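Visitor: whatever this is, show me its structure:
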Amino acid sequence: YPAAGIEPLPAVDDAPNVHDGSPTALVVMPDGKSMLHTAIDMQAPLRIVIVAGCHFSVDAARAIRADPQLGALFREYAVWLASENEALTEVLAWNREFPDQPMNVAWRNDEWSMLGSWAIPTFYVFRDGKQIDRWNGWGPDGMERLKENLRKSGVPN
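Guide: Modelled structure (predicted):
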């Protein structure tokens, strides 16, 4: 309905792994015109999931990016995840600022039953599919808390 002035929704393609039983997310392509519905491997030896989408999440992502070791660790093992109802414009803005830490959108929040909270930001550390740590919030001591919690979880930082 072009006369309504409504932007068309992005096209969604399914990745081959979308039916493997893992939780799934939408990967938003940089142009915002397409998305990939894909499974996220939660059985990986290490997976850090960050429920994100607020200015505190942005503060955390900026601080992590500024730390060379943490930046590399998060690029390899982290999944920045927004709730299923996150606005596409917000995801695109995040991904423009953090192309190396893109935000994904939960296909359905209930697929992510291993996440006990969708409070923003909440950090989860998983090893081989088992949650070994969880904490939420980001404040003035956010980087110290992050490093301490990762250290307690046996994650090198």
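Visitor: spatially central residue for this protein, please.
Guide: With distances taken as Cα atoms, centre = their mean, Trp80 lies nearest the centre of the chain, 1.4 Å away.
Visitor: how many residues are close by Pro8?
Guide: 8 (other Cβ atoms under 10 Å). Any C-beta I mention is one placed from the backbone N, CA and C, and that applies to glycine too.
Visitor: rewinding a little: for the residue nearest to the centre of the chain, give its distance to Asp67.
Guide: Trp80 is 16 Å from Asp67, where distance means Cβ to Cβ, to the nearest Å.
Visitor: can you check Glu86 too?
Guide: If you measure Glu86 against Asp67 using Cβ to Cβ, the figure is 26 Å.
Visitor: more neighbours: these two, which one.
Guide: Set Glu86 next to Asp67 and count neighbours by other Cβ under 10 Å: Glu86 wins out with 20 against 15.
Visitor: enumerate the positions of stretch 97-116 that are buried.
Guide: Of all the residues in stretch 97-116, those buried under the rule 16 or more other Cβ atoms under 10 Å are Phe98, Gln101, Pro102, Met103, Asn104, Val105, Ala106, Trp107, Glu111, Trp112, Leu115.
Visitor: can you tell me which two in these are farthest apart?
Guide: Using Cβ to Cβ, the buried residues of stretch 97-116 span at most 23.5 Å, a distance reached by Phe98 and Glu111.
Visitor: report the contact partners of Ile121.
Guide: For the record, residue 121 is Pro, not Ile. Contacts for Pro121 (Cβ atoms under 8 Å, 6 or more residues apart in numbering) come out as Ile50, Val51, Ala52, Gly53, Cys54, Phe56, Ser57, Ala60, Asn136, Gly137, Trp138.
Visitor: show the pLDDT at the fifth one.
Guide: At Cys54, the pLDDT value in this model is 91.
Visitor: okay, the nearest residue to it once chain neighbours are set aside: pLDDT?
Guide: Of all residues not flanking Cys54 in the chain, Ile120 sits nearest, at 4.5 Å (Cβ to Cβ, 6 or more residues apart in numbering). pLDDT recorded at Ile120 is 95.
Visitor: which residues touch Ile120?
Guide: For Ile120, the contact set (Cβ under 8 Å, 6+ apart) comprises Val51, Ala52, Gly53, Cys54, Phe56, Ser57.
Visitor: Pro30 reaches Trp94, doesn't it?
Guide: No - Pro30 lies out of contact with Trp94 (Cβ atoms under 8 Å); the separation is 11.5 Å.
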